[in-house]
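Q: Provide a 3D model corresponding to the input given below.
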Amino acid sequence: MRAVIQRVKAAKVTVLDELVSSIGPGLCVLVGIKTSDTTADVEYLVRKILALRLFEDDGKRWQKSVKDLQMEVLCVSQFTLYHRLKGNKPDFSAAMKGDEANQLYNIFLDRLRQSYDDCKIKDGKFGAYMQVHIENDGPVTIELESPVPKHSEECVDK
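A: Take a look at the predicted model:
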């Protein structure tokens, strides 16, 4: 799983000019899911997003997390985070498809809500053509990717 996290003064998502979600100060998180992602990837990203120290405390930078300051998080599903270029054309075959991605994205949202505060976690509309409006704070932008699982090597007696 991949996340692009932006510290914001405010953010909102609209679909067909209708407001879907909005937040005040906090984080806007663009979330991409690849074909091999599992709930282990969800757990990693949830833990990191809520613990990232992207906010100031007493004039010192990088001291407080969104959770420490009880701020809001706006999540937006974005399959385009898993692209590769074929010439000048993007290919999204590495991104998890429709229903399966929607299920894992909803698990991600549920885990965020369980790990933090249900009413402080907002999201866009999965699969919709959305407009994401953000007022960057800084700007501060952090990319996260869940680690590739390490396969245990078998010991072979020789």
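
Q: packing partners of the host helix or strand of residue 41?
A: Here residue 41, judged by DSSP states H and E, is contained in helix 39-51. Helix 39-51 sits against strand 2-15, strand 26-32, helix 98-115, strand 131-145, with contacts defined as 3 or more C-beta pairs under 8 Å, 6 or more residues apart in numbering; DSSP states H and E. (C-beta placed from N, C-alpha, C; glycine too.)

Q: 7 Å - rerun?
A: Applying 3 or more C-beta pairs under 7 Å, 6 or more residues apart in numbering; DSSP states H and E, one finds that helix 39-51 contacts strand 2-15, helix 98-115.

Q: quick check: buried residues in stretch 116-127?
A: 116, 120, 121, 122, 123, 124, 125 (16 or more other C-beta atoms under 10 Å).

Q: need the residues you listed in CSV (columns: pLDDT and distance to residue 146).
A: As requested, the buried residues of stretch 116-127 are exported to CSV (pLDDT from 0 to 100; distance: C-beta to C-beta, whole Å):
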residue, pLDDT, distance to residue 146
116, 97, 18
120, 98, 22
121, 98, 19
122, 98, 22
123, 97, 19
124, 96, 21
125, 96, 24
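
Q: so what pairs up with the nearest residue to residue 123 once chain neighbours are set aside in the strands?
A: Among residues not flanking residue 123 along the chain, residue 75 sits closest, at 4.5 Å (C-beta to C-beta, 6 or more residues apart in numbering). Per DSSP bridges, the residues bridged to residue 75 are residue 29, residue 123.

Q: contacts only, for residue 75.
A: 29, 31, 109, 121, 123 (C-beta atoms under 7 Å, 6 or more residues apart in numbering).

Q: my guess is the second one contacts residue 74. True?
A: No: under the criterion of C-beta atoms under 7 Å, residue 31 lies out of contact with residue 74, with a separation of 10.7 Å.
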